[in-house]
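> Please work out how this folds:
(chains A, B and C)
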Amino acid sequence: MEAKNDFFDRVYEIVKLIPEGKLCTYGLIAKAIGLPSGARMVGWAMNKSLYQKESIPAHRVLNRNGLLTGKQAFGNPFMMQELLEAEGHHIVNDGVVDFESKLWNPLIELD
DNA sequence: CGTCTGACGCACG
DNA sequence: GCGTGCGCCAGAC
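Sure thing, here's the model as predicted:
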């Protein structure tokens, strides 16, 4: 991780580290890679991650509001919700219930 | 090289 | 509490 990996590679590594049943936010990941203001880039990388060979749990990444902002990117707007529910999360109005409690901080793992 | 856009985030009204 | 605007960084045109 010390190498100057591309912004996307950084994001992918963090997202892949997200434990099942846990969630994370764009801003949090952005901060973890050293770009606290690059939340938009994280989301962008997520969209691109769907085209990567590796399976990136992009559905575990939500905005700071805990909303499924990128559900549409999965091809089917319900896909992201189903994936999250399959991991024991409850979705209401495109938002994760008790999302903050399920939030996972990448900074802890990188510490 | 200038401009627009984007799975965001925050400040303001 | 909600809508709007701006900043943020990187890529596409």
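> Averaged pLDDT, stretch A:82-95. What do you get?
For stretch A:82-95, mean pLDDT is 95.
> now the end-to-end length of that stretch.
End-to-end distance of stretch A:82-95: 12 Å, with Cα to Cα, to the nearest Å as the criterion.
> Identify all contacting residues around that stretch.
Residues outside stretch A:82-95 that contact it (Cβ atoms under 8 Å, 6 or more residues apart in numbering): A:20-21, A:23, A:59-60, A:65-68, A:71, A:74, A:81, A:96-99, A:102. In short, each C-beta sits where N, CA and C put it, glycine included.
> again, 6 Å this time
With contacts defined as Cβ atoms under 6 Å, 6 or more residues apart in numbering, stretch A:82-95 is touched by A:20, A:21, A:59, A:66, A:67, A:68, A:81, A:96, A:97.
> helices and strands around the helix or strand where residue A:30 lies, which ones?
Taking DSSP states H and E as the definition, residue A:30 sits inside helix A:26-32. Here helix A:26-32 touches helix A:39-49, helix A:106-110, going by 3 or more Cβ pairs under 6 Å, 6 or more residues apart in numbering; DSSP states H and E.
> Following the longest one in sequence, what is the next regular element?
Next in sequence after helix A:39-49, counting helices and strands by DSSP H and E, comes strand A:61-62.
> Perfect, I'm done here.
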